[in-house]
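[1] Sharing a sequence plus its predicted fold:
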Amino acid sequence: MLLALDTATQRASIALHDGTTLRAECTWEAASQHTVTLLPAIVQLLGNSGLTADDITAIAVCIGPGSFTGVRIGVSVAKGLASARKLPLVGITTLDVLASAQLPDDRPLYPIFAAGRKRVGFARYRYREGSSFPAGWQAETGVQVTTWRQFADQLDLPAIVVGEIESAGRETLRPLFGRVEIPEPARHLRRAGYLADIAWRRLRANQVDAPSALLPLYAR
């Protein structure tokens, strides 16, 4: 049973996935209460699923970027659990989790996160059909942090923008509506179930991270 943890931003999410079925998932507004809410949420999710910590055989964690404190807490808990019980560990980025929830499309996808101080973090993704690798959204750029105005100016239109779009961001993008698609609200929610799906693919390919080497990814 894989336990997936995502505390990278104000919304936190955890999930249990057995490799075939998403057994349970919980997502909540953690705000600045990640330290207080994360471990009780894990215990409750396990209990509601009829499981205990002994049933966990692998850990996945969102490594950021996002909130400095949120990312640090999730990564610390994941590394602690993996090290203490010698479990395989997989780290996955915030934007990869967001992108994995989106439908195939020919347009570029811009998953975003709130970077603080009225800034937005993003990367550009393209959907690829591959014979030698699984089809899916692939990052074309590294993560960039900028203002909403600069972000809007850099968009390769037409485009899809998804993630934590605050009111200032929506107003900045409003003149581009028609050329910029903002999906329905459910697709903006970064869910640990998608994190777990990615992690299982990496586990099967033996793409795991050493707890001592896994580092948080912070926005610059």
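    Okay, I see it.
[2] So what touches the lengthiest helix in the chain?
    Looking across the chain with DSSP state H, the single longest helix is helix 68-85. By C-beta atoms under 8 Å, 6 or more residues apart in numbering, the surrounding residues in contact with helix 68-85 are 3, 5-10, 12, 30, 32, 34-35, 38-39, 56, 59-65, 87-89, 91, 211-212, 214-218. Just so you know, the C-beta spots here come from the backbone N, C-alpha and C atoms, and that holds for glycine as well.
[3] And stretch 25-36, by the same measure?
    Outside stretch 25-36, the residues that reach it (C-beta under 8 Å, 6+ apart) are 7, 10-16, 37-38, 41, 44-45, 69-70, 73-74, 189, 191-193.
[4] Next, the buried residues of that stretch.
    For stretch 25-36, a neighbour-count test (16 or more other C-beta atoms under 10 Å) marks 25-27, 30, 34 as buried.
[5] Then stretch 114-134?
    For stretch 114-134, burial by neighbour count (16+ other C-beta under 10 Å) applies to 114-115, 120-125, 127.
[6] Turn the buried residues of stretch 25-36 into TSV, columns for secondary structure, pLDDT and distance to residue 156.
    As requested, the buried residues of stretch 25-36 are exported to TSV (DSSP: H, G, I helix; E, B strand; the rest coil; pLDDT from 0 to 100; distance: C-beta to C-beta, whole Å):
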residue	secondary structure	pLDDT	distance to residue 156
25	strand	98	33
26	strand	98	36
27	strand	96	30
30	coil	90	33
34	helix	91	34
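[7] Cool, thanks, signing off.
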